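Undergrad: below are the sequence and a predicted model for it; my questions follow.
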Amino acid sequence: MESLKLDTSNIIIGLEAATKEDALSQLAKRMYNNGYVKASYENAVIEREASFATGLPTVHCSVAIPHTDIQHVNSKSIGVAVLKETVPFVIMGELEATTDVKLIFMLAMDKEDAQLSLLQKLMGIFQNNKILEAIANSADGNEIINIIKHEIKEV
């Protein structure tokens, strides 16, 4: 299994999006243009978000962790978007209740078990207000990558 690729080219700081679909589309296109996911990934991640919401209300700012099936992935990676203005995402496990998301961690995993492992490690980031605040306020993609790498170690 190849190692997780964290690449500044998959980070968008100040993403302007009117809807969650717009935000997901822009980040998925970035990951596709960088070769990490297949052309099918964008529609697959948007469709999955509509069926299985990934919004997580956290104390500092809400996050979303959209992902989809492994057949849409070329290389194991994470795309990160820091939204300029929050957009509502349905809360994980809910049908309609929403949370205003500031950070999107888009997962592209090549193995099912790796996805679960990464999600568990990311939960440590989501539960730490100082780390979320540092990511949300960062103007530097390298800084965001260093924070994530430090927190998740290797997946």
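TA: Structure's in. What do you need?
Undergrad: show me the contact partners of the helix or strand residue 21 falls within.
TA: Using DSSP states H and E, residue 21 falls within helix 20-33. The contact list for helix 20-33, computed with Cβ atoms under 8 Å, 6 or more residues apart in numbering, reads 9-10, 12, 15, 17, 37-39, 41-42, 45-46, 49, 64, 66, 77, 79, 81, 83, 87-89, 101, 104, 106, 108. Yep, even glycine has a C-beta here, placed from its N, CA and C like the rest.
Undergrad: return the subset of these lying in helices.
TA: Using DSSP state H, the subset of these located in helices is 41-42, 45-46, 49.
Undergrad: possible to save those residues as TSV with neighbour count and pLDDT?
TA: Listed next are the ones in helices among the contacts of helix 20-33 as TSV, based on neighbours: other Cβ atoms under 10 Å; pLDDT from 0 to 100:
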residue	neighbour count	pLDDT
41	23	98
42	21	98
45	27	98
46	17	98
49	22	97
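Undergrad: pick out whichever of these sits closest to residue 3.
TA: Lowest distance from residue 3 to the ones in helices among the contacts of helix 20-33 (Cβ to Cβ) belongs to residue 41, with 19.7 Å.
Undergrad: thinking again about what came up before, write the PyMOL selection for whichever of the contacts of helix 20-33 are buried.
TA: To isolate the buried members of these in PyMOL, using 16 or more other Cβ atoms under 10 Å:
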select buried, resi 10+12+15+17+37+41+42+45+46+49+64+66+77+79+81+83+87+89+101+104+106+108
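Undergrad: which ones among the contacts of helix 20-33 lie within strands?
TA: Using DSSP state E, the subset of the contacts of helix 20-33 located in strands is 12, 15, 64, 77, 79, 81, 83, 87-89, 101, 104, 106, 108.
Undergrad: farthest-separated two in those?
TA: Spatial extent of these (Cβ to Cβ) is set by the pair 77 and 88 at 25.9 Å.
Undergrad: distance check, residue 106 against residue 95.
TA: Distance, residue 106 to residue 95, by Cβ to Cβ, to the nearest Å: 23 Å.
Undergrad: shaky segments in this protein?
TA: Residues of the chain that meet the criterion pLDDT under 70 lie in 1-2, 154-155.
Undergrad: now stretch 125-144, how far from the centre of its chain.
TA: The chain centroid and the centroid of stretch 125-144 are separated by 13 Å, computed with Cα atoms, centre = their mean, to the nearest Å.
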